[in-house]
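Engineer: I'll drop the sequence and a predicted model, then ask my questions.
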Amino acid sequence: MNDHAIEGWMKCPPEGGGWGNGLGKANYTIYFHAEFSKPIARFGVWSAEIPAGWSRKREDIESERYQNVAASAKVLEGCREMEGDHLGFYSEFASAKANRFCSRRAYRS
């Protein structure tokens, strides 16, 4: 990997909710790789501390209490790798309206 690319994977187990408002009994892994025309200047991981007993149904995750927890997620700038629940990756880079984003590979297993 270089300063123009991001890659990784995420696993959604059956208890994780998945599609169909959690009714799909999700059990899949998504792998991704994306390259950008410019270097990624700032990046990192965010980690929201969602309590273990909270439902992951759509009406719950769209609720104010979920939104408040997500808004106070820890932001770990410069973090390249992390394991855990309720994580996300973010990046910031210079772009212009004419720039294109092209994902090279994304698949589930």
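Structural biologist: Nice, thanks for sending it over.
Engineer: going forward, measure contacts between C-alpha atoms and count neighbours the same way
Structural biologist: Fine.
Engineer: so how far is residue 32 from whatever residue is furthest in space from the centre of the chain?
Structural biologist: Distance to the chain centre peaks in the chain at residue 98, reaching 25.3 Å (criterion: C-alpha atoms, centre = their mean). Counting by C-alpha to C-alpha, to the nearest Å, the gap between residue 98 and residue 32 amounts to 24 Å.
Engineer: from the chain's centroid, how far away is the helix or strand where residue 88 lies?
Structural biologist: Here residue 88 is covered by strand 87-92, with elements defined by DSSP states H and E. The chain centroid and the centroid of strand 87-92 are separated by 7 Å under C-alpha atoms, centre = their mean, to the nearest Å.
Engineer: quick check: buried residues in that strand?
Structural biologist: Buried residues in strand 87-92, counted by 16 or more other C-alpha atoms under 10 Å: 87, 89.
Engineer: contact partners of that strand?
Structural biologist: The contact list for strand 87-92 (C-alpha atoms under 8 Å, 6 or more residues apart in numbering) reads 40-48.
Engineer: ok, the nearest residue to residue 73 once chain neighbours are set aside - contacts?
Structural biologist: Distances taken as C-alpha to C-alpha, 6 or more residues apart in numbering place residue 48 nearest to residue 73, at 4.3 Å, with adjacent residues excluded. By C-alpha under 8 Å, 6+ apart, the contact list for residue 48 reads 69-70, 72-74, 86-87.
Engineer: rewinding a little: doesn't the residue farthest from the centre of the chain lie inside a strand?
Structural biologist: No - Residue 98 is assigned coil when assessed by DSSP: H, G, I helix; E, B strand; the rest coil, not a strand.
Engineer: are we agreed that residue 51 is in a strand?
Structural biologist: No - judged by three-state DSSP, residue 51 forms no part of a strand; its state is coil.
Engineer: give me the distance between it and residue 40.
Structural biologist: Residue 51 is 32 Å from residue 40, by C-alpha to C-alpha.
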